[in-house]
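Asker: Build me a structure from this.
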Amino acid sequence: MPLLALVCVVSARADDRPNILWLTSEDHGPQMGCYGDKYASTPNVDRLAAKGMIYTHAWSNAPVCAPARTTIISGLYPPSTGSEHMRSLLAFPNGKAMFPHYLREAGYYCTNQSKTDYNLKEPGPTWDTSSARAHWKNRRGNQPFFAVFNSTKSHESQIRTRPHTPIHDPAKVRVPAYHPDTPEVRRDWAQYYDQVSAADADAGERLKELDDAGLADETIVFYYGDHGSGMPRSKRWPFNSGLHVPLVVYIPEKFKSLRPPEYQAGGKSDRLVSFVDLAPTVLSLAGIEPPSWMQGYAFLGRYQAPAQPFVYGFRGRMDERYDLVRSLTDGRYVYVRNYMPHKIYGQYLDYMFQTPTTRVWKQLHDEGRLTPTQDLFWKTKPPEELYDLQADPDEIHNLANAPGEQKVLATLRQAHWTWEAKIRDVGFLPEGELHSRSQGTSPYDMGRDEKQYPFRRVFETAELASMLAPSATPALKTALTDSDSAVRYWAALGFLMRGGEGVRAAHEELARALDDPSPYVRIVAAEALGRYGDGIDLGRSLPVLSGLGDWSKNNFFVTMSALNGIGALGEKAAPLRESIRQFAPNGSSPHPRYANYVPRLLEELQAKSK
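Answerer: Below is the predicted model of the structure:
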């Protein structure tokens with residue numbers, strides 16, 4: 001059956017349908033004049049907002065580019081498709097398509113200039129043109145168009161580019177409470193604002209092109225950033241600081257029937273929206289009924305859906321470092337669920353440490369010169385976090401244990417559980433098992449097969465493991481004998497997360513797990529015993545990690561996991577120094593996108609051993 005049969009297209013002449021223009025920019029939050037930031041200089045987007053409308057509660061779902069764009073193009077949450085991990089590449093769900101396909105089938109000319117960067121393989125032709133030369137001007141006659149223009153001017157890499165002539169005065173910048181107030185930090189924040197102004201200028205050029213062509217009254221315009229700022233603790237972290245983005249929408253009078261009820265020039269919408277909603281929204285604007293499998297909700301157009309009470313965020317692997325975090329907001333409170341609380345927030349990432357703010361922040365931590373609030377970034381995480389954005393916009397006062405906030409906590413926790421079950425989050429599998437379990441299909445489809453992925457058992461074990469309750473020990477011991485390797489993986493993680501106490505409580509079980517059929521279970525057990533056991537335990541654990549850490553003898557994901565485990569041992573891994581120097585820096589990987597991560601881990605391990 002052709003995919004077109006899955007959608008309903010409203011009958012209309014081409015010139016009765018709106019053109020749709022997306023102006024996107026990278027790595028910046030709502031630090032813009034139209035959002036009330038008086039330090040910002042963004043005249044072009046401010047003018048667009050003055051005749052259109054801003055969304056005050058827009059989330060990118062992911063706090064980093066590739067999974068954020070994957071959310072947009074698919075209309076699906078990456079934790080449901082396996083694509084949450086940075087620069088991964090997995091099969092698209094069977095029988096489904098990226099949303100521009102449906103626009104093209106309906107007669108739209110679809111162009112993208114020019115970033116794709118998806119974590120899902122394109123299941124078929126997506127764009128008419130996706131390149132640096134792509135432009136709506138190349139369409140046929142008065143064919144309606146959907147065009148995306150992306151500015152890289154505000155990208156994280158541009159914050160730290162030197163030399164740079166400052167435009168915004170560093171002395172006048174507001175330093176968030178979690179950052180140390182140093183010249184380096186002020187300089188980076190000020191340069192960030194400079195680059196947001198540059199992205200605004202790019203948007204101005206595109207808007208002028210539209211005006212000059214006489215198409216401003218025929219075109220619906222969106223402006224948004226792809227996630228929060230490129231500064232550390234915004235980018236890569238699913239707090240509001242990493243997920244809150246500007247979203248400005250202008251709908252001309254000709255298409256006022258497609259506006260939401262709250263639309264007015266220069267107005268604001270408090271509706272909760274997120275990137276998973278963009279695909280169904282654009283289809284709705286084009287008169288196409290969004291496919292029922294899309295997980296977002298149209299907030300504009302013919303098929304507007306009711307507003308939702310929550311929007312959701314997530315974090316998976318960031319480059320070479322593993323983590324698993326989920327978050328959500330109701331617009332006022334932000335709930336963060338850390339499933340790997342034994343890992344610090346500020347895990348070392350080579351790319352992030354190229355920013356001066358990151359380096360000086362870590363240096364001051366090492367020197368003991370940070371305030372308790374600033375120091376949190378370099379410490380392990382609590383299982384749950386709760387922040388009141390009204391009272392605490394920097395998200396520094398965790399209310400998860402506050403007596404007066406337990407009702408709110410319970411409500412958001414339940415919303416999180418409900419969402420997890422609805423999307424059947426496959427991110428609870430070790431990354432390698434996303435690939436091995438879904439051979440011949442996609443992780444999304446595999447995740448809906450209870451025989452291939454017993455979601456409830458895996459998820460409940462992850463909950464039990466990561467909440468760190470001492471009473472969970474007997475159940476975790478039982479889970480270490482489960483027939484499913486992901487259940488055993490989370491059970492072993494549960495004891496690792498509990499440190500010395502956990503290893504003492506399950507010493508015998510972890511020792512047996514060193515021979516588990518799953519390499520991921522063996523790695524966790526070896527890290528736990530190596531870090532918190534005695535000398536005999538270390539002697540048994542190091543060969544396990546060493547044997548699995550050589551890329552020439554293991555698959556990519558096993559190697560990544562083992563090298564991270566070795567790194568976690570610190571000086572206890574010293575006996576492996578010579579072996580590590582002999583480890584192969586190259587090996588087989590699922591795609592060249594993954595190729596840099598093992599070399600980075602080896603480089604760091606070798607640097608520490610000198």
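
Asker: for stretch 523-542, how far is the first residue from the last?
Answerer: Stretch 523-542 has its terminal residues 10 Å apart, counting by Cα to Cα, to the nearest Å.

Asker: Now do the buried residues in that stretch.
Answerer: Residues of stretch 523-542 classed as buried: 523-533, 537-538, 540-542 (neighbour count, 16 or more other Cβ atoms under 10 Å). Using the backbone N, CA and C atoms, a C-beta is placed for each residue, glycine as well.

Asker: So what's the gap between it and the chain middle?
Answerer: 32 Å (Cα atoms, centre = their mean, to the nearest Å).

Asker: got the contact list for it?
Answerer: 489, 492-493, 495-496, 499-500, 502-504, 507, 510-511, 513-514, 516, 544-545, 548, 558, 561-562, 565, 568-569, 572-573, 575-576 (Cβ atoms under 8 Å, 6 or more residues apart in numbering).

Asker: Likewise for stretch 409-420?
Answerer: The contact list for stretch 409-420 (Cβ under 8 Å, 6+ apart) reads 309-310, 312, 326, 328, 330, 333, 335, 337, 384, 386, 399-400, 459.

Asker: mind redoing it with 10 Å?
Answerer: 77, 79-80, 295, 309-310, 312, 326-330, 333-337, 384-386, 399-402, 405, 425, 427-428, 455-456, 459-460, 462-463 (Cβ atoms under 10 Å, 6 or more residues apart in numbering).

Asker: In helices, which of the residues you listed fall?
Answerer: Judged by DSSP state H, helices contain the following of these: P79, S80, F455, R456, F459, E460, A462, E463.

Asker: residues in contact with the fourth one?
Answerer: Residues counted as contacts of R456 (Cβ under 10 Å, 6+ apart) are E420, A421, R424, E450.

Asker: Ranking by neighbours, what's the top pick from those residues?
Answerer: E420 (22 neighbours; other Cβ atoms under 10 Å).

Asker: among the contacts of stretch 523-542, which ones are buried?
Answerer: Of the contacts of stretch 523-542, these count as buried by 16+ other Cβ under 10 Å: 489, 492-493, 495-496, 502-503, 507, 510-511, 513-514, 516, 544-545, 548, 558, 561-562, 565, 568-569, 572-573, 576.

Asker: Output the contacting helices and strands for the host helix or strand of N564.
Answerer: Element membership for N564 (DSSP states H and E) is helix 556-569. Counting contacts by 3 or more Cβ pairs under 10 Å, 6 or more residues apart in numbering; DSSP states H and E, helix 556-569 packs against helix 431-437, helix 519-532, helix 535-548, helix 577-582, helix 597-608.

Asker: measure P238 to D194 for me?
Answerer: 26 Å (Cβ to Cβ, to the nearest Å).

Asker: Then D484?
Answerer: D484 is 51 Å from D194, by Cβ to Cβ.

Asker: Tell me the buried residues in stretch 322-341?
Answerer: The neighbour-count check on stretch 322-341 (16+ other Cβ under 10 Å) flags 322-330, 333-341 as buried.

Asker: So which of the residues you listed sit within strands?
Answerer: Under the assignment DSSP state E, the buried residues of stretch 322-341 contribute V325, R326, S327, L328, T329, Y333, V334, Y335, V336, R337, N338 to strands.

Asker: Let me have those in JSON lines, extended by distance to P474 and pLDDT.
Answerer: Output for these, formatted as JSON lines (distance: Cβ to Cβ, whole Å; pLDDT from 0 to 100):
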{"residue": "V325", "distance to P474": "27", "pLDDT": "98"}
{"residue": "R326", "distance to P474": "26", "pLDDT": "99"}
{"residue": "S327", "distance to P474": "30", "pLDDT": "99"}
{"residue": "L328", "distance to P474": "31", "pLDDT": "98"}
{"residue": "T329", "distance to P474": "35", "pLDDT": "98"}
{"residue": "Y333", "distance to P474": "34", "pLDDT": "98"}
{"residue": "V334", "distance to P474": "33", "pLDDT": "99"}
{"residue": "Y335", "distance to P474": "28", "pLDDT": "99"}
{"residue": "V336", "distance to P474": "28", "pLDDT": "99"}
{"residue": "R337", "distance to P474": "23", "pLDDT": "99"}
{"residue": "N338", "distance to P474": "23", "pLDDT": "99"}
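
Asker: just curious, which of those residues is nearest to P166?
Answerer: Closest approach to P166 among those (Cβ to Cβ): V334, at 32.1 Å.

Asker: ok, now which ones touch that closest one?
Answerer: 59, 238-241, 243-244, 313, 327-328, 385-389, 392, 395, 412.

Asker: buried subset of those residues?
Answerer: 59, 238-241, 243-244, 313, 327-328, 385-389, 395, 412.

Asker: Where strands are concerned, which of these count?
Answerer: Per DSSP E, strands hold the following members of these: W59, G313, S327, L328, E385, L386, Y387, D388.

Asker: Please enumerate the strands of the stretch 201-350 of the chain.
Answerer: Using DSSP state E, counting those that start in this stretch, the strands of the stretch 201-350 of the chain run over 219-225, 247-250, 267-274, 311-315, 325-329, 333-338.

Asker: Okay, now the sheet partners of the fifth one, with direction.
Answerer: What it means is strand 325-329. For strand 325-329, the pairing partners within the sheet under DSSP bridges are strand 311-315 (antiparallel), strand 333-338 (antiparallel).

Asker: can you map out the strands along the stretch 51-200 of the chain?
Answerer: 53-59, 109-113, 129-130, 145-151.

Asker: which parts of stretch 599-610 are buried?
Answerer: Applying a neighbour-count criterion of 16+ other Cβ under 10 Å, the buried positions in stretch 599-610 are R600, L601, L602, E604, L605.

Asker: Over to stretch 80-98?
Answerer: Neighbour-count burial for stretch 80-98 [16+ other Cβ under 10 Å]: 80-93, 96-98.

Asker: now stretch 65-72
Answerer: C65, A66, P67, A68, R69, T70, T71, I72.

Asker: again with stretch 42-59
Answerer: 42, 44-49, 52-59.

Asker: Of those residues, which is the nearest to E367?
Answerer: W59 (35.6 Å).

Asker: who touches that closest one in this structure?
Answerer: With Cβ under 10 Å, 6+ apart, W59 has these contacts: 68, 227-228, 238, 240, 242-245, 247, 272-277, 310-313, 327-329, 334.

Asker: for G267, same thing?
Answerer: A49, A50, G52, M53, I54.

Asker: same thing with V175?
Answerer: D181, T182, V185, R186, D188, W189, T357, D394.

Asker: what are the phi and psi angles of it?
Answerer: phi -90, psi 120 (degrees, to the nearest 10).

Asker: At which residues are the helices of the stretch 151-300 of the chain located?
Answerer: 156-159, 183-212, 240-243, 278-285 (DSSP state H, counting those that start in this stretch).

Asker: Poorly predicted segments of the stretch 51-200 of the chain, please.
Answerer: Within the stretch 51-200 of the chain, no stretch has pLDDT under 70.

Asker: tell me the mean pLDDT over the one helix or strand T418 maps to?
Answerer: Assigned by DSSP H and E, T418 belongs to helix 406-423. Averaged over helix 406-423, pLDDT sits at 98.

Asker: What score does the nearest residue to G499 once chain neighbours are set aside have for pLDDT?
Answerer: Nearest-residue entry for G499: Y532, 5.7 Å, with adjacent residues in sequence omitted and distances by Cβ to Cβ, 6 or more residues apart in numbering. Y532 carries a pLDDT score of 98 in this model.
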